[in-house]
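K.L.:
Got a predicted structure here, sequence first:
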Amino acid sequence: MSQAIALYPTIDEQLTTKLGFEPGPFKFSYTTDVVQDMETQYLDVNSSVSLIKFEDPGYQWDPDNKNLIVRRTSYISNPAFLFGQYGVVPKDAELAVGVLWSSKSVNMRGAQKLTTFNAASASPVQIDLDLDFSPGNLKHELYLEMIVYISKPGNAGDNETHLGNQPGLILGTIDTTRIVLEGNGSVFPIVEVAEETMPLWWVVCAWTDILEDGFDEENVKICINTAHKNFDQVYSGKKIQDSPLFLEIMASSLQTIIHKAQESGSWQNVKSGDDLVPGSIGAAIHYFITTFGWDVSSPESLSFSIRQYLEDHM
């Protein structure tokens, strides 16, 4: 295992604390005829990589057919600590804050400059994140890394020759975030069908290998029958929390899928998280039971914990 060692001062955790970096709240939305705001949930902000997700109250957002707008305003309260002999760049250099983003499941990545500043800039330095992802460019997770790099080199003095001073040189990461994407297609594949002789809804479990097959409508899905006389009671454009019937469909479907997974020879892998392909059915179920705290010790406990979670959070 190799490890890169920087030959110049970089921004470490101690310096980040001195800078007074203040991350703002994330705001997620998408556009239809108007901008639709979504609700942010912070799952873990105490680790080195913050874990968050968002939910659409109208249950319309899906990474395959809706865009995703990500916004956040953050601040660096004490940028002067970055400049001069005891900082990371010469005192007359210019720094930039940028964001590196990636969604590994679709092999997409990119970068965007957010702001520039120097030693004479007013404090605090405001950092505005504003990303707009087109439909189909994201899946499962979005990883954001906020970095500081040299925008313009300075004239290094005699006591500054040890500092980094090359344009584009990354000096450190001040914030990292992993965003779980949970639209209709990623939380639960739902399809609408029109079958007059069929029931209002049913579940299709067509996977071969739960550890590898993707959590998508090819392998598992809820079918909701638009031709059924009671279809208009399912959701019909209302919010999920306004439709007890839809909540019950979700709960029953999730319970059915987890029960079928328990009958497979791979259930222990699903529970432990071992040998799971990212984006697989097994990985999705592992995420549900570990992140949401669903009790799989008995059918009764599973039924209760799923419904309690959905009623409290949707």
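P.N.:
Noted; the coordinates are in hand. Being a predicted model, the structure only gives us computed values, none of them experimental. Numbering: from 1, shown residues only.

K.L.:
in the longest helix seen in the chain, what's buried?
P.N.:
If you go by DSSP state H, the chain has its longest helix at helix 244-262. Buried residues in helix 244-262, defined by neighbour count with 16 or more other Cβ atoms under 10 Å: 246-247, 249-255, 257-258, 260-261. For every residue, glycine as well, the C-beta is placed using N, CA and C.

K.L.:
any chance of those in TSV, with pLDDT and distance to Ser50 too?
P.N.:
Output for those, formatted as TSV (pLDDT from 0 to 100; distance: Cβ to Cβ, whole Å):
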residue	pLDDT	distance to Ser50
Phe246	86	30
Leu247	86	29
Ile249	91	32
Met250	89	27
Ala251	93	29
Ser252	95	33
Ser253	93	30
Leu254	93	26
Gln255	95	31
Ile257	95	29
Ile258	95	28
Lys260	95	34
Ala261	94	29
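
K.L.:
of all those, which comes closest to Val180?
P.N.:
Leu254 (16.6 Å; Cβ to Cβ).

K.L.:
If we ignore the residues flanking it in sequence, what's nearest the closest one?
P.N.:
Counting by Cβ to Cβ, 6 or more residues apart in numbering, Leu254 lies nearest to Ile306, which is 5.4 Å off, once chain neighbours are set aside.

K.L.:
related to what we said a few turns ago, among the buried residues of helix 244-262, which one sits closest to Leu129?
P.N.:
Taking Cβ to Cβ as the measure, Leu129 lies nearest Met250 of the buried residues of helix 244-262, at 32.0 Å.

K.L.:
What distance do you get for the closest one to Glu55?
P.N.:
Using Cβ to Cβ, to the nearest Å, one gets 13 Å for the distance from Met250 to Glu55.

K.L.:
Helix, strand, or coil at the closest residue to Val89 other than its chain neighbours?
P.N.:
Once flanking residues are discounted, Val89 sits nearest to Leu163: 5.5 Å by Cβ to Cβ, 6+ apart. When classified by DSSP: H, G, I helix; E, B strand; the rest coil, Leu163 comes out as coil.
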